[in-house]
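Novice: One predicted model, sequence on top.
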Amino acid sequence: MPAGIDSQILSVCADGSIILYDLVLEKIKNRYQGNTYCIDSCYSNGSLIVAGCSNNTLKIWDVDSEELKDTIVFDRRIRTIFLIDKYILIFFMDCDTLIIDYESKEKYSWVKFKKIRSVKINDNVLSVLTNKKLSRFEIDTKNKLKLVELENFKTESNIVDVDFYNETIIYITSDNSLIYKSKDNVHEICYHKQNILSVYSDANENICTFSCDKLMIWDLNENKLGLIASIKVDEGEASVFFRNYYVVGTKTSLTFYNLNTRDVVMTKEMNVTSIDAGENTLVVGSENKVIFFNEKLEVYDELESNDLVAHVKLNDEINLLLVSKLNSKVYVYELPTLDQKLILYGHSLPVKHIEISPDFKNVITTGADKVIKIWGLQFGECRKTIVNDTQNTTYINNELFMVGSDTIKYYKKFESIKEFKYHSNYVKLIGENLFSVYENSISVFKMDKYELNLDDSSEESDEEIIKTTNVVDTYNSDKFLELIEELETEKGIVTHNNTVERFYSFIDKINFNEIDSYLILLSPMNVYTILKTLPNYIDRNAIFISRILMSLVTQHKEIVTRDESFMDLVNKLTVKIAELRELIGENMVTLRMMNLETTEEYE
């Protein structure tokens, strides 16, 4: 819990140490040692630092010398701590309080509260928020630290924190709202109560954030988000900006709102699952249909499906529509004919987001199975599988993309190259700004121009080889996947039965290059199944099994290496191949002896 010292800031580390940063010089000034426990509360008056630690101790450091001056042990854990002149004011976890005169070491109790939620000091006034009221005390240190009650207010049970600005009290609620209370009026601003699902910009270059409960429109000015307006939504599913309209889809309707007035222009009854927009076309996924709207908001075409639509992605620059369905496959259609061009299959659960690279060569699918897959858009081959639980991905250029999954990760050419320790499960690049979402909060980062303008056409880029084997024999590929699914029974993965024998007989008759192309299509569960099945075949053909394992590692590295049976399989293969080498060596010696004997006899 950091506390500021003029142009410096205190930061508490996970190892229990405290670091003092100089914000002007942008460097570490001091480092305070002598504690290895988690710090619950930290405060400084510029000359001393006091910290309440999780082992029920209070530690005191000198700011300049970094010396640990004192350690005081208590019989309970400290919640919040303040340093007021020579007095230390302590709030314990059990809501009791204690005042310590640091110079005389005198201790005396003050008052015990009930269910403390927040404690703050503003302008020589101490404010204590409990579950039922807010109490404010004037701080007097003339003779002895005295806290004289000025006023108290009853508060609602959903108030979790409080702050002050001039004579205005700002309440923070548990449902992510701010209540501004002054002498004259009360004003409430309601932010997103549910997780933010998407971020986009409108024609006025305003930023829009959408959740199940509302669409919020923000002005981004000098790197600060200012709320312009919000539209209440019930059971929201998707939202985009199209022409001059905010389009909002819910479980019961599709609604168009005017850009400037935010008034409802048109509403159609339908169960919306996904929306995407091009320049002149809006596509809406609804149950087992994809519905096409033109710029006049008229329906001009429909694409029916034999399965429910999960997500739609439109790119009218290359005239393609990508539709993910509940069967976990992604279908690629050509526009305007709606002829099916490709089917991308390999996810074990439906795809919830689709992103196309700026050069239109690759497509990234984000599945509910916590897997990201990267595909070639020309032939539909899976080029890389990444285990990552994220809501979406965003491209920065043709090769570089970002993923928000608890942290923010950069990927280049399918390999992770950089990671930022920042809570995020959704990232979106709009212009030079990166928007990072975590649950119902949003952060804005200014992107470095070097990263945005990174040259894609480097020699290293051209030399890198990506395996793009295309599946031609669909009968064999379907049979391959069918046999794997037969191995996955309700009781778990079978390792000894007729199906295991049939699977080996099948792969033994097929060219390895063809099998290699089938392995690209595997879902995480399929990979896990093969790993459990391969040990059955080591004694029959260890070399062949090794090649399959190496191909699995190449194409599904993160899935394979995380499995507990991986190293056991590697060890078994190593032993078996060593035995084969020894046997080959013995056979080579025997053959050479036979060759010598035959040559001598012939001579």
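Specialist: Good, I have the coordinates.
Novice: what's the first-to-last distance across stretch 402-419?
Specialist: End-to-end span of stretch 402-419 (Cα to Cα, to the nearest Å): 10 Å.
Novice: Start the count at 438 instead of 1 going forward.
Specialist: Got it, first residue is 438 now, which makes that one stretch 839-856.
Novice: pLDDT on stretch 859-879, on average?
Specialist: Here stretch 859-879 scores 87 as its mean pLDDT.
Novice: Quick check: closest non-adjacent residue to residue 605.
Specialist: The spatially closest residue to residue 605, leaving aside those adjacent along the chain, is residue 619, at 4.7 Å (Cβ to Cβ, 6 or more residues apart in numbering). C-beta: built from backbone N, CA, C; applies to glycine.
Novice: which residues in the stretch 838-987 of the chain form helices?
Specialist: Remark: helices assigned in the stretch 838-987 of the chain by DSSP state H, counting those that start in this stretch are 886-889, 896-900, 911-924, 935-945, 949-956, 961-970, 979-992.
Novice: coming back round to it: am I right that the residue nearest to residue 605 is in contact with residue 604?
Specialist: Yes: counting by Cβ atoms under 8 Å, residue 619 does reach residue 604; the two are 6.1 Å apart.
Novice: low-confidence ranges in this structure?
Specialist: Along the chain, the parts satisfying pLDDT under 70 run over 438-443, 451, 886-912, 914, 926-934, 949-950, 958, 1026, 1032-1040.
Novice: Could you list the domains of it?
Specialist: 445-549, 907-1025 (the TED database).
Novice: between those, which gets nearest to residue 872?
Specialist: domain 445-549 (25.2 Å; Cβ to Cβ).
Novice: Going by neighbour count, list what's buried in whatever helix or strand residue 507 lives in.
Specialist: Following DSSP states H and E, one finds residue 507 within strand 505-510. Along strand 505-510, these residues count as buried under the neighbour rule (16 or more other Cβ atoms under 10 Å): residue 509.
Novice: Strand partners (parallel or antiparallel) of that strand?
Specialist: Taking DSSP bridges as the criterion, strand 505-510 pairs within the sheet with strand 494-499 (antiparallel).
Novice: what's the partner strand in contact with?
Specialist: Applying Cβ atoms under 8 Å, 6 or more residues apart in numbering, the contact partners of strand 494-499 are 455, 469, 471-472, 474, 484-490, 504-511, 515, 518, 525, 527, 539.
Novice: Filter these down to just the buried residues.
Specialist: 455, 469, 472, 485-490, 509, 515, 518, 525, 527, 539.
Novice: Could you work out the most separated pair of those residues?
Specialist: Greatest spatial distance among the buried ones among the contacts of strand 494-499 (Cβ to Cβ): 469 and 527, at 19.3 Å.
Novice: what's the closest non-adjacent residue to residue 776?
Specialist: Per Cβ to Cβ, 6+ apart, closest to residue 776 is residue 770, 6.7 Å.
Novice: Distance to residue 793 for the domains of the chain - can I get that in JSON lines?
Specialist: Output for the domains of the chain, formatted as JSON lines (distance: least, Cβ to Cβ, whole Å):
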{"stretch": "domain 445-549", "distance to residue 793": "39"}
{"stretch": "domain 907-1025", "distance to residue 793": "19"}
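Novice: right, so of those domains, which gets closest to residue 736?
Specialist: domain 907-1025 (34.8 Å).
Novice: Roughly how far does the nearest residue to residue 505 once chain neighbours are set aside sit from residue 952?
Specialist: Among residues not flanking residue 505 along the chain, residue 471 sits closest, at 3.9 Å (Cβ to Cβ, 6+ apart). Taking Cβ to Cβ, to the nearest Å as the measure, residue 471 falls 61 Å from residue 952.
Novice: For residue 746, the count of nearby residues, please.
Specialist: 25 (other Cβ atoms under 10 Å).
Novice: try residue 475
Specialist: Other residues near residue 475 number 13, with proximity taken as other Cβ under 10 Å.
Novice: what's the answer for residue 832, then?
Specialist: 18.
Novice: What sits closest to it if chain neighbours are left out?
Specialist: residue 838 (4.7 Å).
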